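Participant: Provided below are the primary sequence and the corresponding predicted coordinates.
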Amino acid sequence: MLNIPTNAFQLLDHSATHYDYNRCERENRPVAHITRQQGGYQYMEIDFITCDWCISPVGQAMLQTFMNHEVVNMLKRGLEPKENQTNIGQMICTFRSDMQGIEHIIKEMNRVCQIPNYWQQYRLDGRNQEITRDDTVYTRTVNMKHYRKMKRKQGIRA
């Protein structure tokens, strides 16, 4: 049985220090922090190395779907998403968004903390376990060029 704390994702507004990593490890929480800021964008990283659990393939697909919606919302807010700036791995997830988008992501991750099939245990008694990988559970990322072309055909600026 996974021991995932309620509201496990707490965003640090700075790059994580070794004190932050130690605190998150004691609390069995992932480190979620802003790695850098550029213009109106923040780059967030979620690192699961400090806890005994990580995101499962089902959780990855859910998070990718949510990120696809967030990319569309960013376009509606007039922001310019960049290709290859979002990575959803099982141990580290990275996102590029404005603060509003990052807060939505953290809120969504905390909402699904208690859904067991979104998470898997990868460490037991200090020893790493094999991580389940499932290629059949997959959600595609939004193709920005295709999205813009489709919106232009509809007469909408994207």
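Facilitator: Looks like it came in fine. Numbers count the residues shown, from 1 in each chain.

Participant: which residue ends up closest to the midpoint of the protein in space?
Facilitator: residue 93 (4.8 Å; C-alpha atoms, centre = their mean).

Participant: quick one, helices of the protein?
Facilitator: Per DSSP state H, the chain carries helices over the ranges 18-27, 57-76, 99-111, 144-153.

Participant: so what secondary structure elements neighbour the first one?
Facilitator: Judged by 3 or more C-beta pairs under 8 Å, 6 or more residues apart in numbering; DSSP states H and E, helix 18-27 is in contact with strand 31-38. For glycine as for every other residue, the C-beta is placed from the backbone atoms N, C-alpha and C.

Participant: From the contact counts, what lies against the strand it packs on?
Facilitator: Helices and strands touching strand 31-38, by 3+ C-beta pairs under 8 Å, 6+ apart, are strand 11-12, helix 18-27, strand 41-47, helix 99-111.

Participant: of all those, which lies closest to residue 3?
Facilitator: Ranking the helices and strands packed on strand 31-38 by distance to residue 3, with C-beta to C-beta as the measure, places helix 18-27 first at 10.8 Å.

Participant: With just CA atoms, put the closest one into CSV.
Facilitator: What follows is helix 18-27, C-alpha atoms only, in CSV (Å, rounded to 0.1, in the frame of the first residue of the first chain):
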residue,chain,number,x,y,z
HIS,A,18,19.8,20.2,-0.2
TYR,A,19,17.8,21.3,2.8
ASP,A,20,14.6,21.2,0.7
TYR,A,21,15.6,17.8,-0.6
ASN,A,22,16.2,16.5,2.9
ARG,A,23,12.9,17.9,4.2
CYS,A,24,10.9,16.4,1.3
GLU,A,25,12.6,13.0,1.9
ARG,A,26,11.6,13.0,5.5
GLU,A,27,8.0,13.9,4.6
